[in-house]
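Enquirer: can't give you the sequence, but here's the structure:
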């Protein structure tokens, strides 16, 4: 379990697969209150033939450190790791907040991003009435209830309750300060007017039942990308764990083209 010290935080990461051949390395970035194990299926599949890197963002999973107040700062952590590993060019795959981080990296370092995959992510955080009320209540309700309300609504109807409870427990284990500062970072995130600058091929994969970051917002973003493919899956917001095999199958032809 390798770790890297970055600006007062100890980041835990995995670096698997062959170093030579197999195409451009894949870098997987997880979302809010999650960890690198969201990508277990994809890592097991792709690391058999190519280099795969994934990390726990600061304060998440097995990484230490306080929260970051902007998506750009979180992107800086990821880039510090990739610089440390000597990855000059890579394919970025980001889920939810990880997709926001990935877009930020693609805008700041276009020469290093070969392709971009955004899973259940958007370019501008906007809020419907229910989401606005949840945000307003975030400082008034007990922390665990706040996290539980967010995580439970992330899954499509019919997803096993025991699995949802497991993810609620894991998310609630994320330090409150990290949860809330990252929540604020997502709230302030807005690059919609800049995504036209991202000229690499982009794959947008979204759950049809995603109410966290609704499909309509992703489709609005898709229109701004010069070279984007869109795939809709019968899932909620937590597509990497709701439909891992289907997500891997969608990624395969896209990332292997690089």
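Expert: It's in. For clarity, every value in this text was computed on a predicted model and none was experimentally measured. Numbering: from 1, shown residues only.
Enquirer: how close does residue 89 sit to residue 27?
Expert: Look at residue 89 and residue 27: by Cβ to Cβ, to the nearest Å, they are 10 Å apart. Using the backbone N, CA and C atoms, a C-beta is placed for each residue, glycine as well.
Enquirer: the more surrounded of those two?
Expert: Using other Cβ atoms under 10 Å, the more surrounded residue of residue 89 and residue 27 is residue 27, with 25 against 13.
Enquirer: run the chain-centre distance for the helix or strand where residue 185 lies.
Expert: Residue 185 belongs to helix 176-187 when assigned by DSSP states H and E. The chain centroid and the centroid of helix 176-187 are separated by 14 Å under Cα atoms, centre = their mean, to the nearest Å.
Enquirer: tell me the mean pLDDT for it?
Expert: For helix 176-187, mean pLDDT is 91.
Enquirer: do the same with stretch 69-81
Expert: Confidence over stretch 69-81 (mean pLDDT, whole number) is 96.
Enquirer: quick one: contacts of that stretch?
Expert: With contact meaning Cβ atoms under 8 Å, 6 or more residues apart in numbering, stretch 69-81 is reached by 4, 6-7, 9, 11, 13, 27, 29, 53, 55, 57-58, 68, 97, 100-101, 104-105, 108-109, 181-182, 184-186, 188-189.
Enquirer: phi, psi of the closest residue in space to residue 64 that isn't next to it in sequence?
Expert: Closest residue to residue 64 apart from its sequence neighbours, by Cβ to Cβ, 6 or more residues apart in numbering: residue 10 at 4.4 Å. Dihedral angles of residue 10 (phi, psi; degrees, to the nearest 10) stand at phi -110, psi 110.
Enquirer: quick one, strands of the stretch 51-200 of the chain?
Expert: Using DSSP state E, counting those that start in this stretch, the strands assigned to the stretch 51-200 of the chain run over residues 52-55, 90-95, 113-119.
Enquirer: check which residues of stretch 150-170 are buried.
Expert: Under the neighbour-count criterion of 16 or more other Cβ atoms under 10 Å, stretch 150-170 has 150, 151, 153, 154, 155, 156, 159, 164, 167, 168, 170 buried.
Enquirer: neighbours around residue 249, how many?
Expert: The number of residues packed near residue 249 is 12, by other Cβ under 10 Å.
Enquirer: buried sites along the helix or strand hosting it?
Expert: Residue 249 is part of helix 244-255 when elements are defined by DSSP H and E. By neighbour count on 16+ other Cβ under 10 Å, the buried set for helix 244-255 is 244, 246, 247, 248, 250, 251, 254, 255.
Enquirer: from those residues, which two are the most distant?
Expert: Greatest spacing in the buried residues of helix 244-255, by Cβ to Cβ: 244 and 254 (16.1 Å).
Enquirer: from the structure, what's the count of residues near residue 234?
Expert: The number of residues near residue 234, taken as other Cβ under 10 Å, comes to 12.
Enquirer: against residue 82, how distant is residue 45?
Expert: Using Cβ to Cβ, residue 45 is found at 21 Å from residue 82.
Enquirer: look at those two and report which has more neighbours.
Expert: Comparing residue 45 with residue 82 by other Cβ under 10 Å, the one with more neighbours is residue 82, at 22 against 17.
Enquirer: hmm, residue 91 and that one touching each other?
Expert: No: counting by Cβ atoms under 8 Å, residue 82 does not reach residue 91; the two are 11.8 Å apart.
Enquirer: common neighbours of the two, please.
Expert: Common contacts of residue 82 and residue 91 (Cβ under 8 Å, 6+ apart): residue 27.
Enquirer: residue contacts, the nearest residue to residue 178 once chain neighbours are set aside?
Expert: Excluding its sequence neighbours, the residue lying closest to residue 178 (Cβ to Cβ, 6+ apart) is residue 59, at 3.2 Å. By Cβ under 8 Å, 6+ apart, residue 59 lies in contact with 9, 65, 66, 67, 174, 175, 177, 178, 182.
Enquirer: let's see that with 10 Å instead.
Expert: For residue 59, the contacting residues are 9, 11, 33, 65-68, 174-175, 177-179, 181-182, by Cβ atoms under 10 Å, 6 or more residues apart in numbering.
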